[in-house]
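# here you go, sequence then predicted model.
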Amino acid sequence: GGPGGRPAPAQPPAPGTPGSPGRFGSFGPVGLVLAGGISVQFGGALAVTLMPRAGALGVVSLRLLVAAIVLLLVCRPKLRGHSRADWGTVVVFGIAMAAMNGLFYQAVARIPLGPAVTLEVLGPLALSVLASRRAINALWAALALGGVFLLGGGGFSSLDPAGVAFALGAGAMWAAYIVFSARTGRRFPQADGLALAMAVGAVLFLPLGIAESGAKLADPTTFGLGAAVALLSSVLPYTLELLALRRLPASTFAILMSLEPALAATAGFLVLGQSLSAAEGAAIALVIGASMGAVRTQVGRGKAPAVEAGS
């Protein structure tokens, strides 16, 4: 995530795409995905430390701007030969990406990283449950709701209500991101659509960042830290996951994505000193279990789950 909406491979290979697993079996690509997940969450933790300098909107602006510049330089997408529908899809994808980032960073400015990512993951989980329409998914939904209830201590009295609302909003945008990432991937080759959508998101968000932080964004230290957030949260994990998906079934990738809340809680503890209560730890475990169960249900049905990752 999720977590702030990192880009995801727009056109992943089909599950089980042939490819040499190397002498380490599947450990190689699994290690790449986990490294990408760790990078995302530590990027999120770094973003929290940057917020006092640049504000939540300023951090999002810097992250989107630097990631867009890097992706445009690497992908060099063609601007001609696309239909109005193609551009409409990429613009909506960019809006979803910007909104997901903006809402998530507003959340982590108010509540700890682990709970924020746990709440955000509910968006893709709900999408997965609704898409499969199987009775067993009621169990996964109940597990997730149990986790949310535990996380809120029975009423979210321990968490800032605005932070909770922003995290849930980010989750809804993550679900939209997944849908439009897939549509963009069908209309644009390679990661061209992703690069263009990132540019759309950066252009849309920059005025908000300037309005909140103004000249602070041009401070070399602030800009450098913002660039580090972009590399950790967007560029590096995107590259690692793209390499991993050449040799990793989509189902395995989706299950690994379910571990995001645990990685976020670890990064929050190590970087920000955010500790979890036993109930919060159990809540995160329940949501991870529900997410993994939903993925396995789809795989058992012969449907590859969406492999796009958010935030």
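Sure, I can see it. Numbering: from 1, shown residues only.
# hey, where'd the helices end up in the protein?
27-75, 84-108, 113-132, 137-151, 161-187, 192-213, 220-230, 236-245, 250-257, 260-272, 278-300 (DSSP state H).
# flag every buried residue along the second one.
It stands for helix 84-108. Neighbour counts using 16 or more other CB atoms under 10 Å place 86, 89-108 of helix 84-108 among the buried residues. Just so you know, the C-beta spots here come from the backbone N, C-alpha and C atoms, and that holds for glycine as well.
# and what of the fifth one?
Buried positions in helix 161-187, judged by neighbour count with 16+ other CB under 10 Å: 163-185, 187.
# show me where pLDDT drops low in the stretch 151-300 of the chain?
Scanning the stretch 151-300 of the chain for pLDDT under 70 picks out 151-157, 245, 249-255, 257-258, 295, 297-300.
# OK, contacts around Glu280?
Taking CB atoms under 8 Å, 6 or more residues apart in numbering, we find Glu280 in contact with 114-115, 150-151, 265.
# also Leu256?
Counting by CB under 8 Å, 6+ apart, Leu256 has contacts 30, 33-34, 37.
# dump the residues you listed to CSV, plus distance to Ile288.
As requested, the contacts of Leu256 are exported to CSV (distance: CB to CB, whole Å):
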residue, distance to Ile288
Val30, 16
Val33, 15
Leu34, 14
Gly37, 12
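# where is pLDDT lowest across these?
Minimum pLDDT for those is recorded at Val30 (76).
# neighbours around that residue, how many?
Applying other CB atoms under 10 Å, we find 18 residues neighbouring Val30.
# I'd guessed it sits against Arg247; true?
No: using CB atoms under 8 Å as the test, Val30 is too far from Arg247 to be in contact (9.5 Å).
# overlap in contacts, those two.
Joint contacts of Val30 and Arg247 (CB under 8 Å, 6+ apart) do not exist.
# how far away is Ala279 from Leu217?
Plainly put, Ala279 is 39 Å away from Leu217 if you go by CB to CB, to the nearest Å.
# the more surrounded of these two?
Taking neighbours as other CB under 10 Å, Ala279 and Leu217 compare with Leu217 leading, 22 against 15.
# tell me which of the helices of the chain sits most buried.
Mean neighbours per residue, mean count of other CB atoms under 10 Å, is largest over the helices of the chain for helix 113-132, with a mean of 26.
# next, the angle from that one to helix 27-75.
Counting by axes from the mean of the first three to the mean of the last three CA atoms, to 10 degrees, helix 113-132 lies at 90 degrees to helix 27-75.
# which strands and helices sit next to helix 113-132?
On a contact count with 3 or more CB pairs under 8 Å, 6 or more residues apart in numbering; DSSP states H and E, helix 113-132 meets helix 27-75, helix 84-108, helix 137-151, helix 161-187, helix 260-272, helix 278-300.
# out of the contacts of Leu256, the closest to Lys78 would be?
Set against Lys78, the nearest of those by CB to CB is Val33 (29.5 Å).
# report the contact partners of the closest residue to Glu241 other than its chain neighbours.
Nearest non-adjacent residue to Glu241, counting by CB to CB, 6 or more residues apart in numbering: Gly36, 5.0 Å away. Listed by CB under 8 Å, 6+ apart, the contact set of Gly36 reads 6, 236-238, 240-241, 244.
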